[in-house]
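1. no FASTA, just this:
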């Protein structure tokens, strides 16, 4: 009789033991979160713990992770380490092996998406090359594997940026997706 009771109660017991939804937990742990902050936290939490692909980049995320404003000193040797950490540039908390920051406006870079295809650094012909020389930095990982222990070497570059682009449905436009390389021109 005891076995019959426990076998029928097991599904009910399992339902009762499921973890509480994140929203309920956050109300008790983080009562000072605004609705917007809660939403950002939930998105961040989902991205870190998901096993699927990350969400496609958006115009805002690309600007945040790639574009440098006019007040940056491109020759600062700590620029990459500082910016990678402060801008939260990583892949599920793993350090990126390579990243580029560009010193140009987003609007100029977006126009590049309409240029003809050229070969990327890996030889695949799906990059677009800027028409003008641009300035930027290449960040190469020197030590660490997980955030915040990532240390980067900052290398100043002047040349043509190679970028990939993708369509963003919600704004109905093609946007820069990834900086593949900065092709330096010998003698320039």
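-> Cool, got the structure. Because the structure is a prediction, the values reported are computed rather than measured.
2. what about residue 78, how many residues close to it?
-> Counted with other CB atoms under 10 Å, residues neighbouring residue 78 total 11. Backbone N, C-alpha and C define where each C-beta goes, glycine included.
3. Check the gap between it and residue 103 for me.
-> Residue 78 sits 17 Å away from residue 103 when distances are taken as CB to CB, to the nearest Å.
4. got it, and residue 59?
-> Remark: distance between residue 59 and residue 103 (CB to CB) = 18 Å.
5. go on, residue 178?
-> 17 Å.
6. and if you look at residue 95?
-> For residue 95, the distance to residue 103 - CB to CB - is 23 Å.
7. all helices for this protein, in order.
-> 2-16, 22-29, 35-49, 59-66, 79-86, 106-112 (DSSP state H).
8. Compare those helices and say which comes out lowest on pLDDT.
-> Mean pLDDT is lowest for helix 22-29 among the helices of the chain, at a mean of 46.
9. Who are the packing partners of the longest strand along the chain?
-> The residue-count maximum for a strand in the chain (DSSP state E) belongs to strand 151-168. Applying 3 or more CB pairs under 8 Å, 6 or more residues apart in numbering; DSSP states H and E, one finds that strand 151-168 makes contact with helix 79-86, strand 98-103, helix 106-112, strand 127-129, strand 134-143, strand 173-184.
10. Run the chain-centre distance for the fifth one.
-> Mean C-alpha position of strand 134-143 versus that of the full chain (CA atoms, centre = their mean, to the nearest Å) differs by 15 Å.
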